[in-house]
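[1] can you look at this prediction? I've put the sequence above it.
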2 protein chains.
Amino acid sequence: MSEMRKDPITNRWVIVRTESGAGPSTMMPPPEDPEPAVCPFCEGNEHMTPPEIFALRNIGTSPNGKGWQVRVVANRFPVLGIEGGKEGQGLFDKMNGIGAHAMIIESPAHGAGLNTHGREVLTRILEVYRLRMLDLIRDLRFHYILVFRNEGHEAGGHLRHPHSQMVATPVTPREVKSELQGARDYFLYKDRCIFCDMIRAEKEDGRRVVWENRDYVSFCPFASRSPFEMWILPKEHSPDFYRLSSEGLAGMAEVLDQSMKRLAGALNRPQYNMVLHSGPNRRERRDYWQTIDHDFHWHMEIIPRFTPYSGFEWGTGFFINPTPPEESAAFLRELKIP
Amino acid sequence: MSEMRKDPITNRWVIVRTESGAGPSTMMPPPEDPEPAVCPFCEGNEHMTPPEIFALRNIGTSPNGKGWQVRVVANRFPVLGIEGGKEGQGLFDKMNGIGAHAMIIESPAHGAGLNTHGREVLTRILEVYRLRMLDLIRDLRFHYILVFRNEGHEAGGHLRHPHSQMVATPVTPREVKSELQGARDYFLYKDRCIFCDMIRAEKEDGRRVVWENRDYVSFCPFASRSPFEMWILPKEHSPDFYRLSSEGLAGMAEVLDQSMKRLAGALNRPQYNMVLHSGPNRRERRDYWQTIDHDFHWHMEIIPRFTPYSGFEWGTGFFINPTPPEESAAFLRELKIP
């Protein structure tokens, strides 16, 4: 069980686990998990995970057995659970941690990653993101659905087996609100989508572009937070990832494959976070973001991680990037990949 | 040299180092510094640091020699330098990275920390924060002065020798703006300081209070981002840390000493970030924050660090805290300390 608490000053939400501890040792977060001897995400070990919620499977195979291509299971330690409601306590607001938290096991191949899956597997993974989003979006208690990925210790990753995560949250996350607000302000002022304008500016300038195909572009953003940060955007305006067609998924898989192969070529075993920012769910949207179909534009952000967040970042919210994105992009663009 | 770049969507600032790299190896951040064989912050090694900007010294000793109690030097790799101006590039805004970045060497004792300095040394350190702020605040190019501290690898700390850092920034940091905005909204609505109301609420409730003396209170905030997060606030309303009297500094040193000794008792060698949020500098304040003398309240935040920031935090801005602050506070409050 968990509850969500809002800081009354900044409106920052925190998810607090509320199982009562029995003393200081149980109050601590679990120690860094060593790689388990037997991988619960490998084929044949399906009994080691919670039952599957969804899977793409070979014909003739059964749920929770071998023969899957992409497999979705509940997170054993979900950051948010399924029941709850909102509540106030004087100055303080809280709600039970309503939500959902799933692990998307990307492939049976234990040692694979976004850079080695290849276009076909990546297309399947993106298709699973899309299908799971379409399912979760029907629950009106969820205001937002986030897909993310933690690769490597510096990025908060634990299990080696390639997996993404999907969390449904009962409020629109602060980082997403910040993008929605900025995009809306720009739209109200200029009557244009800021992401569409950014794609145009990046293509004209060219120095920060990493790779593009007909429908997508990958670039290192002007205000990159880390060396080799990359954003991937569809060239055609669309607020929602889940509206993609099969052809759209394949194009996205191609540019993701190219981008991640380049990142792996630039860095020896890169550690990174990936987040997929799609528009907020309908209900939230109707209340607050009337223009959103026109002003928000879904995108994927890939943020390599080198150093922990320090007091400077905590205290300011500013980031320090030791490498100009123009240099990062030139390096990635010119890299020969297999 | 560095420049500050603004993300046009979220208005998030990034500090980008602009020295040109000569290839991929120089584009990377420096590898984790091993503890140097000779500590540049120890007494007798004053020649290993940039010349001192300020020091509290024993009578009869000379700058850049032995005999100091607290010593302030420039950071060798400042996140922000001294010259610059603002500039636009179509969609994108940037400015040269104007600012200042100093290291405050807290004591000659190599192995000391906030939990072992003792009240007298802590009072001196706080006095140096105050004096350096008063000096930097006179430079009208600086909109904000942040004091922070990184203890341990998970907190972004490198050198073992106890030190704080002070950075002057040319724009008000996003995290501070978020607090200023929240505090102003509350003040305009209720005509009261939200921090004063929070102190009242915490004292009435009592479950999250860690320690207090006549003038200060230390508590685990309702929406704590991590186990054992602590905030220290002066009970009397004041927007600016630098207005403290000598007596005020001594009271603050006492509650800081108590809080950090308790944290060290709860965790074996805690890793944490400390940030001191004082009001923004005068010039900025006149422009944007007319009510600030009444609505903002300086405070210190101490955030223990256990796990790296993951894709969930990046994508949402939400935090996950495995321990209810009521349990953290009870444990700290009841701890017997030496």
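    Good, I have the coordinates. The model shown is predicted, which means the values in this text are computed figures rather than measured ones.

[2] need the contact list for the closest residue to A:Ser310 other than its chain neighbours.
    Spatially, and ignoring its direct neighbours in sequence, A:Ser310 is nearest to B:Gly156 (2.8 Å; Cβ to Cβ, 6 or more residues apart in numbering or on different chains). Backbone N, C-alpha and C define where each C-beta goes, glycine included. Each residue near B:Gly156 by Cβ atoms under 8 Å, 6 or more residues apart in numbering or on different chains is listed here: A:307-313, B:150, B:273.

[3] A:Leu114 too?
    So A:Leu114 contacts A:122, A:149, A:151, A:162, A:256-257, A:260, A:274 (Cβ under 8 Å, 6+ apart).

[4] state the pLDDT value of the residue of the stretch 51-200 of chain A found nearest chain B.
    Closest to chain B within the stretch 51-200 of chain A is A:Gly156: 2.8 Å, counting by Cβ to the nearest Cβ. A:Gly156 is assigned 86 on the pLDDT scale.

[5] quick one: it from B:Thr307, how far?
    As judged by Cβ to Cβ, to the nearest Å, A:Gly156 and B:Thr307 stand 6 Å apart.

[6] can you check A:Ser224 too?
    From A:Ser224 to B:Thr307 the distance is 24 Å (Cβ to Cβ).

[7] where exactly do the helices run in the stretch 1-150 of chain A?
    A:24-27, A:119-136 (DSSP state H, counting those that start in this stretch).

[8] for those helices, which one ends up most surrounded?
    helix A:119-136 (a mean of 19; mean count of other Cβ atoms under 10 Å in any protein chain shown).

[9] now do that one, average pLDDT.
    Helix A:119-136 comes out at a mean pLDDT of 97.

[10] now stretch A:270-290
    pLDDT averaged over stretch A:270-290 gives 76.

[11] picking up where we left off before, export the contacts of A:Leu114 to JSON lines and tack on secondary structure and distance to chain B?
    Listed next are those as JSON lines, based on DSSP: H, G, I helix; E, B strand; the rest coil; distance: Cβ to the nearest Cβ, whole Å:
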{"residue": "A:Leu122", "secondary structure": "helix", "distance to chain B": "17"}
{"residue": "A:Arg149", "secondary structure": "strand", "distance to chain B": "6"}
{"residue": "A:Glu151", "secondary structure": "strand", "distance to chain B": "9"}
{"residue": "A:Pro162", "secondary structure": "coil", "distance to chain B": "14"}
{"residue": "A:Leu256", "secondary structure": "helix", "distance to chain B": "15"}
{"residue": "A:Asp257", "secondary structure": "helix", "distance to chain B": "20"}
{"residue": "A:Met260", "secondary structure": "helix", "distance to chain B": "15"}
{"residue": "A:Met274", "secondary structure": "strand", "distance to chain B": "6"}
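
[12] buried subset of the residues you listed?
    By neighbour count, with 16 or more other Cβ atoms under 10 Å in any protein chain shown, those hold A:122, A:149, A:151, A:162, A:256-257, A:260, A:274 as buried.

[13] still on that earlier bit, need the helices of the stretch 1-150 of chain A in a markdown table with distance to B:Phe331, can you?
    Formatted as a markdown table, those follow (distance: least, Cβ to Cβ, whole Å):
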| stretch | distance to B:Phe331 |
| --- | --- |
| helix A:24-27 | 6 |
| helix A:119-136 | 37 |
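
[14] just to revisit the earlier point, higher neighbour count, A:Ser224 and B:Thr307?
    A:Ser224 (27 against 17; other Cβ atoms under 10 Å in any protein chain shown).

[15] distance-wise, check the more buried one relative to chain B.
    Distance, A:Ser224 to chain B, by Cβ to the nearest Cβ, to the nearest Å: 7 Å.

[16] residue contacts, that residue?
    Contacts of A:Ser224 (Cβ under 8 Å, 6+ apart): A:321, A:325, A:328, B:14, B:16.

[17] can you tell me which of the residues you listed is nearest B:Gly279?
    B:Val14 (24.4 Å; Cβ to Cβ).

[18] let's have the contacts of A:Ser224 in JSON lines, adding pLDDT, distance to A:His237 and neighbour count.
    Listed next are the contacts of A:Ser224 as JSON lines, based on pLDDT from 0 to 100; distance: Cβ to Cβ, whole Å; neighbours: other Cβ atoms under 10 Å in any protein chain shown:
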{"residue": "A:Asn321", "pLDDT": "89", "distance to A:His237": "28", "neighbour count": "23"}
{"residue": "A:Pro325", "pLDDT": "94", "distance to A:His237": "24", "neighbour count": "26"}
{"residue": "A:Ser328", "pLDDT": "95", "distance to A:His237": "26", "neighbour count": "27"}
{"residue": "B:Val14", "pLDDT": "86", "distance to A:His237": "26", "neighbour count": "23"}
{"residue": "B:Val16", "pLDDT": "85", "distance to A:His237": "29", "neighbour count": "26"}
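
[19] what's the most distant pair in these?
    Across the contacts of A:Ser224 (Cβ to Cβ), the longest gap, 12.7 Å, separates A:Ser328 and B:Val14.

[20] ok, how many other residues are close to A:Arg243?
    Neighbours around A:Arg243, by other Cβ under 10 Å: 14.

[21] for it, phi and psi?
    Per-residue torsions, A:Arg243: phi -80, psi 0 (degrees, to the nearest 10).

[22] one more: the one 3 residues further on?
    Backbone torsions of A:Ser246, given as degrees, to the nearest 10, read phi -60, psi -40.

[23] now it: how far from A:Arg130?
    10 Å.

[24] now A:Met198
    The value you get for A:Met198 to A:Arg130, if Cβ to Cβ is used, is 24 Å.

[25] measure A:Gly248 to chain B for me?
    22 Å.

[26] how about that residue, nearest residue that isn't a chain neighbour?
    Nearest non-adjacent residue to A:Gly248 (Cβ to Cβ, 6+ apart): A:Asp215, at 6.7 Å.

[27] who's in contact with that neighbour?
    So A:Asp215 contacts A:234-236, A:248, A:251-252 (Cβ under 8 Å, 6+ apart).
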